[in-house]
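**Q** Give me a model of this one.
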Amino acid sequence: MRVVAVRVKPGASRARVGGRHEGVNGPALVLAVQERAVDGRATEAARVALAGALGVPRSSVSLRSGAASRDKLFAIKDPPSDLDDRLARLLEGA
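**A** Residues are numbered from 1 along each chain as shown. A predicted model of the protein is given here:
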């Protein structure tokens, strides 16, 4: 299992994955989602977006902490061997 720190920006005009935010959990991947932060909708949209951006099944991504925060930690079950490379590209904004 691998833990990934993210910074969620709910209510964005368009969904986007990429960029770096120096957050409470260290460098975090920025996830802009269109859903509002109501009833966990933005968190679920972030989970789905993260899975898509990393090329892993949605079922392998779960929230570890930060349900009510913009700074979240997601656990990736059975991460691919090149996960670090994928994350590095996304953190650079690619």
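
**Q** mind checking how far the most far-flung residue of the chain relative to its centre is from residue 42?
**A** In the chain, the residue that sits farthest from the middle, by C-alpha atoms, centre = their mean, is residue 81; the gap is 18.2 Å. Distance of residue 81 to residue 42, computed by C-beta to C-beta, to the nearest Å: 30 Å. C-beta: built from backbone N, CA, C; applies to glycine.

**Q** Give me the three-state assignment for residue 11.
**A** Secondary structure, DSSP: H, G, I helix; E, B strand; the rest coil: residue 11 is coil.

**Q** what's the closest non-adjacent residue to it?
**A** residue 36 (5.2 Å; C-beta to C-beta, 6 or more residues apart in numbering).

**Q** now swap in residue 19 and tell me
**A** residue 30 (3.9 Å).

**Q** In the protein, which helix is the longest?
**A** Longest helix in the chain, counting residues (DSSP state H): helix 41-54.

**Q** what residues does that helix touch?
**A** For helix 41-54, contacts defined as C-beta atoms under 8 Å, 6 or more residues apart in numbering pick out 4, 6, 8, 10-11, 15, 17-18, 29, 31, 33-37, 57-58, 60-63, 66-67, 72, 74, 76, 79-80, 83, 86-87, 90.

**Q** likewise stretch 68-88?
**A** Defining contact as C-beta under 8 Å, 6+ apart, one finds that stretch 68-88 is touched by 1-10, 23-25, 28-29, 37, 43, 46-47, 50, 53-56, 59-66.

**Q** Narrow those to those in strands?
**A** With DSSP state E as the criterion, strands contain 2-9, 23, 28-29, 61-65 from among these.
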